[in-house]
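Chemist: pasting the sequence and the predicted coordinates here, then a few questions.
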Amino acid sequence: MLEYIGALLSASLSRSADQFRKYYYDNGSHAGCIIHIGTAAVNRESMEALKKNVNGIAGAGWRRV
């Protein structure tokens with residue numbers, strides 16, 4: 001019995017991950033990329049322009065409240 005308990009946990013986590021990805025995609029809030037800015041030397045104008053562009057990517061399922 002103990003041999004397959006690890007497999008059950010793995011299957012459960014895999015299902016949860018798949019469900020999260022489905023909901024995230026269906027929501028329309030995905031941008032298709034991850035943006036990482038690793039420096040504090042970015043000027044405020046560039047950051048605001050980036051935020052504006054990323055916020056405009058939202059898909060049909062996205063609802064702004």
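Modeler: Perfect, I can see it now.

Chemist: just how off-centre is the helix or strand harbouring Arg15 within its chain?
Modeler: For Arg15, the host element (DSSP states H and E) is helix 5-27. Its chain's C-alpha centre and that of helix 5-27 lie 14 Å apart, by Cα atoms, centre = their mean, to the nearest Å.

Chemist: average pLDDT for the next helix or strand after it?
Modeler: Following helix 5-27 in sequence order, the next helix or strand is helix 44-55 (DSSP H and E). Helix 44-55 carries an average pLDDT of 84.

Chemist: residue contacts, Ile37?
Modeler: Taking Cβ atoms under 8 Å, 6 or more residues apart in numbering, we find Ile37 in contact with Met47. Bear in mind the C-beta positions are built from the backbone N, C-alpha and C, glycine included.

Chemist: try 10 Å this time
Modeler: Contact analysis of Ile37 by Cβ atoms under 10 Å, 6 or more residues apart in numbering lists Ser46, Met47, Leu50.

Chemist: would you reformat the residues you listed as JSON lines and include distance to Tyr25 and neighbour count?
Modeler: Shown next, in JSON lines, are these (distance: Cβ to Cβ, whole Å; neighbours: other Cβ atoms under 10 Å):
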{"residue": "Ser46", "distance to Tyr25": "29", "neighbour count": "10"}
{"residue": "Met47", "distance to Tyr25": "27", "neighbour count": "11"}
{"residue": "Leu50", "distance to Tyr25": "22", "neighbour count": "13"}
